[in-house]
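[1] Give me the fold of what follows.
(one chain, ligands or ions: 1)
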Amino acid sequence: MYEKVLDSQKVTLCRQWMAEGQNILLVSHTNADGDACGSILGMAFMLDQATGEGSCVTPVLPNGCPKQFGWLPGADRIVSGQKERQRWRELLAEADLIVCMDMNACSRTDMLAEELREKRCRKVLIDHHHNPATEEFDLIFSMPEISSTCELVVWLSELLWGDRYMGREAAICLYTGLNTDTGGFAFSCEQPSCFEAAAKLVRYDIHPSEIHNCIVNTFTTNRMFFYGFALSQRMRIYPEQRVAVMAFSLDDQKRFGVSGEDMEGLVNYTLLMKEIEVGALLREEVGRTKVSLRSKYGVDVNKIAQRLGGGGHTKASGATCQMPLGDTLKAVEKELGITNVEPVGLEIEQ
Ligand SMILES: [Mn+2]
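    Have a look, this model is predicted:
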């Protein structure tokens, strides 16, 4: 699969660098999702075997492994750049190979970005986001057309090492990224290769239903009550524009004791409405607002996110706006073609 895209000279070079690596760091983006966690851990399990005696492979996430993916095999190996600042600096100083995964630029690691950019050593990028920062890496495997970084790791590892180092633990991690980045094989999975990668992983004695339970069926009661509040009280629906927007203040979040992690996936609920094509979720943080965008038909929300200073994929993207919630809401609604329109209200017959 993808032999044509994954240039054999680049694959050979990558194999050589990985074999020569004594201290290898696998790094992904802040607020890691299933694909970020899955790709660095899946690759870590394979590199443990592919590297020589005495070499050290360390997965790193800027703000650690999110609680929701703490069950992944190897999650306890992940170093949090933020919480373990000193350890990160030591690891970085020692590193002779850095593999950045599921991120297109060092800036995606926020507080680690500058140190990462300035570090001089071999740097490889394995990713599926648009517009990779080509000047920041020595070797780039960038495939925006592929479902997930985890799928890319499945095919790249096959070219690197055959099936030699694939095993159950790596397969669980990689399947998780495939599952989450496609919303449970619902979008970004138009290519047969996505299912072929899943089929390949399932051969390693992994159980999709168990993984599904770990990924999806995990709500706390508070989170469930918050979703009820979000859908009934905080969703603005614009049928004419085929858009729905949810916005949450810091107070809303405090009231239910929920964090950004708890809102993971909430934006997708907007698209459950037949008439809605584009959904947005705004979450206020101190001094800034995070925006998530989703689209189910032809609208390219990556372009919209880019105009807001962010990016991502055609059907799923995001941005961080350095503005309070109200101003961000105005900016987002303007980008979505909503100006001077009243949202549809909840109509309940008394
Ligand atoms: Mn991804």
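[2] Could you pull up the residues touching the one residue in the chain that gets nearest to the ion?
    Nearest residue of the chain to the ion (CB to the ion) works out as Asp35 at 3.3 Å. From N, CA and C alone the C-beta is placed, and that goes for glycine too. Asp35 makes contacts with Asp102, Ser148, Thr149, Cys150, Gly177, Leu178, Thr180, Asp181, as judged by CB atoms under 8 Å, 6 or more residues apart in numbering.
[3] Could you list which of these also contact the ion?
    Residues of those in contact with the ion (CB under 5 Å from the ion): Asp102, Ser148, Thr149, Asp181.
[4] circling back to that earlier point, which residue is the nearest non-sequential neighbour of the residue of the chain closest to the ion?
    Spatial nearest neighbour of Asp35, chain neighbours left out: Gly177 (3.7 Å); criterion: CB to CB, 6 or more residues apart in numbering.
[5] tell me the secondary structure for that neighbour?
    With DSSP: H, G, I helix; E, B strand; the rest coil as the basis, Gly177 sits in helix.
[6] Do I have it right that it meets Gly34?
    Yes. With contact defined as CB atoms under 8 Å, Gly177 counts as touching Gly34 (5.2 Å).
[7] on that earlier part again, tell me how many other residues crowd the residue nearest to Asp35.
    Using other CB atoms under 10 Å, Gly177 has 31 neighbouring residues.
[8] Name the residues of the protein found near the ion, please.
    Asp35, Asp102, Ser148, Thr149, Asp181.
[9] so what pLDDT did Ile206 get?
    Note on Ile206: pLDDT of 98.
[10] Tell me who's in contact with it.
    Arg168, Ala171, Ile172, Tyr175.
[11] Within the helices and strands, which one has the third one?
    Taking DSSP states H and E as the criterion, Ile172 maps to helix 168-181.
[12] ok, then the element right after the strand or helix carrying Leu116?
    Assessed by DSSP H and E, Leu116 sits inside helix 113-118. Sequence-wise, the next helix or strand downstream of helix 113-118 (DSSP H and E) is strand 122-127.
[13] who does that following strand pair up with?
    strand 97-101 (parallel), strand 139-142 (parallel) (DSSP bridges).
[14] Grab the CA positions of it and hand them over as CSV.
    Output of strand 122-127 as CSV, limited to C-alpha atoms (Å, rounded to 0.1, in the frame of the first residue of the first chain):
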residue,chain,number,x,y,z
ARG,A,122,17.9,14.5,12.7
LYS,A,123,14.2,15.3,12.6
VAL,A,124,11.5,13.2,10.9
LEU,A,125,7.9,14.2,10.3
ILE,A,126,5.2,11.5,10.0
ASP,A,127,1.8,13.2,9.5
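[15] one step back: and the contacts of Ile206, which are buried?
    Ala171, Ile172, Tyr175 (16 or more other CB atoms under 10 Å).
[16] Quick one: these as a markdown table, columns for pLDDT too.
    What follows is the buried ones among the contacts of Ile206, written out as a markdown table (pLDDT from 0 to 100):
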| residue | pLDDT |
| --- | --- |
| Ala171 | 98 |
| Ile172 | 98 |
| Tyr175 | 98 |
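[17] Show me which of the residues you listed is closest to His29.
    Nearest to His29 among the buried ones among the contacts of Ile206: Tyr175, at 19.9 Å, using CB to CB.
[18] The closest one contacts Ala199, correct?
    No. The criterion here is CB under 8 Å, and Tyr175 misses it with Ala199 at 10.4 Å.
[19] need the next SSE after the helix or strand harbouring the residue of the chain closest to the ion, C-terminal direction.
    Take DSSP H and E as the rule and Asp35 turns out to sit in helix 34-50. Using DSSP H and E, the helix or strand that follows helix 34-50 towards the C-terminus is strand 56-61.
[20] where along the stretch 251-350 of the chain do the strands fall?
    278-285, 288-295, 311-312, 316-321 (DSSP state E, counting those that start in this stretch).
[21] Out of those strands, name the one with the poorest average pLDDT.
    strand 311-312 (a mean of 90).
[22] Given that strand, what are its sheet partners and their directions?
    Assessed with DSSP bridges, strand 311-312 is paired to strand 316-321 (antiparallel).
[23] about what we covered before: ok, so of the buried ones among the contacts of Ile206, who is nearest Cys214?
    Ile172 (9.2 Å).
[24] Who does the nearest residue to Pro343 once chain neighbours are set aside form a beta bridge with?
    In this structure, Pro343 finds its nearest non-sequential neighbour in Arg236, 3.6 Å apart by CB to CB, 6+ apart. Arg236 forms beta bridges with Val245, as assigned by DSSP bridges.
[25] List the beta-bridge partners for the residue nearest to Ala305 when sequence neighbours are not counted.
    Leaving aside its sequence neighbours, Ala305 sits nearest to Ser317 (CB to CB, 6+ apart; 3.6 Å). Taking DSSP bridges as the rule, Ser317 bridges to Leu293, Gly312.
[26] got a list of what Ser317 touches?
    Contacts of Ser317 (CB under 8 Å, 6+ apart): Ser292, Leu293, Val301, Asn302, Ile304, Ala305, Gln306, Gly310, Gly311.
[27] about what we covered before: just the CA coordinates of the helix holding Asp35, formatted as CSV?
    The C-alpha coordinates for helix 34-50 follow below in CSV (Å, rounded to 0.1, in the frame of the first residue of the first chain):
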residue,chain,number,x,y,z
GLY,A,34,-6.3,9.2,19.9
ASP,A,35,-4.2,9.5,16.7
ALA,A,36,-1.5,11.5,18.5
CYS,A,37,-1.2,9.1,21.4
GLY,A,38,-1.7,6.0,19.3
SER,A,39,0.9,6.9,16.7
ILE,A,40,3.7,7.8,19.1
LEU,A,41,3.0,4.7,21.3
GLY,A,42,2.5,2.3,18.3
MET,A,43,5.8,3.6,16.8
ALA,A,44,7.5,3.3,20.3
PHE,A,45,6.6,-0.4,20.6
MET,A,46,8.1,-1.1,17.1
LEU,A,47,11.1,1.1,17.6
ASP,A,48,11.9,-0.7,20.9
GLN,A,49,12.6,-3.7,18.7
ALA,A,50,14.0,-2.0,15.7
